[in-house]
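Q: Generate a structure from the sequence data that follows.
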Amino acid sequence: MNKEATGVAGSGLLVDDDELYLRTLQRSLQKRGFEAVLATSVADAVAAAQKHRPAFALIDLRLGKDSGLVLIEPLKAVREDMRILLVTGYASIATAVEAIKRGADNYLTKPVTGEAIVRALNDEPETESAPESTMVPLARVEWEHIQQALSETQGNISAAARLLGMHRRSLQRKLAKRPGPERKPGGECVG
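A: As a prediction, this is how the structure comes out:
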């Protein structure tokens, strides 16, 4: 990886209990010059960090029954200069403050784009145009929400449909469609 192109040298660690989301994020970051190993639990994340000593970690706040906050200290113990970004679909001021107190370098809300992650890793300030520079299609947001519901119901489509407040057949139709990549204004694909 080219440090000048990315600002952060070395590999990264992506931690989320949604494996599909992890692989999608990994591909998006690879296109931007970042390599990353994946972990789906607190124990897997600590083991991967000890083995690979990543330069950065992107951690989901909710890891099944665990909190991603508990990973900050052990990851910093592995590598003190590790950049830690906490990502969540359940953003709150309280968890943002707690994450920063524990040593996180940034706090991002889902859905987060690869471009936003790179900006956070490079300590680039948010600009008024930054949120508009890469739009996450509504279908992608809906897809991530559906995946979260499926994860919480252990893949049970009927239970996930009830949780989402929709008919089971409607959910099945939505699952048959895949959301498109991130797009820049003007229609250019980036993800």
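
Q: does the residue nearest the centre of the chain count as helix, strand or coil?
A: Nearest to the mean C-alpha position of the chain, counting by CA atoms, centre = their mean, stands residue 87 at 5.5 Å. Look at residue 87: counting by DSSP: H, G, I helix; E, B strand; the rest coil, its state is strand.

Q: Report the contact partners of the nearest residue to it once chain neighbours are set aside.
A: Distance criterion CB to CB, 6 or more residues apart in numbering; nearest residue to residue 87, sequence neighbours excluded, is residue 108 at 4.9 Å. Where C-beta positions appear, they are placed from N, C-alpha and C, glycine not excepted. Counting by CB atoms under 8 Å, 6 or more residues apart in numbering, residue 108 makes contact with 85, 86, 87, 88, 116, 117, 120.

Q: for residue 87, same thing?
A: Going by CB under 8 Å, 6+ apart, residue 87 touches 16, 58, 59, 60, 61, 107, 108, 109, 110, 112.

Q: With residue 104 instead?
A: Shown in contact with residue 104 (CB under 8 Å, 6+ apart): 59, 72, 84, 85, 86.

Q: which residues does the third one form a beta bridge with?
A: Partner residues in beta bridges with residue 84, using DSSP bridges, are residue 57.

Q: pLDDT wise, what is it at?
A: You'll see residue 84 listed with a pLDDT of 93.

Q: now it: how far from residue 153?
A: To residue 153, residue 84 is 30 Å away according to CB to CB, to the nearest Å.

Q: Which residue of those two possesses the greater neighbour count?
A: With other CB atoms under 10 Å as the criterion, residue 84 and residue 153 differ in neighbour count, and residue 84 comes out ahead with 22 against 16.

Q: ok, now which ones touch the more buried one?
A: Contacts of residue 84 (CB under 8 Å, 6+ apart): 56, 57, 59, 72, 75, 76, 103, 104, 105, 106.

Q: 10 Å - rerun?
A: By CB atoms under 10 Å, 6 or more residues apart in numbering, the residues touching residue 84 are 13, 15, 56-59, 68, 71-72, 75-76, 99, 102-107.
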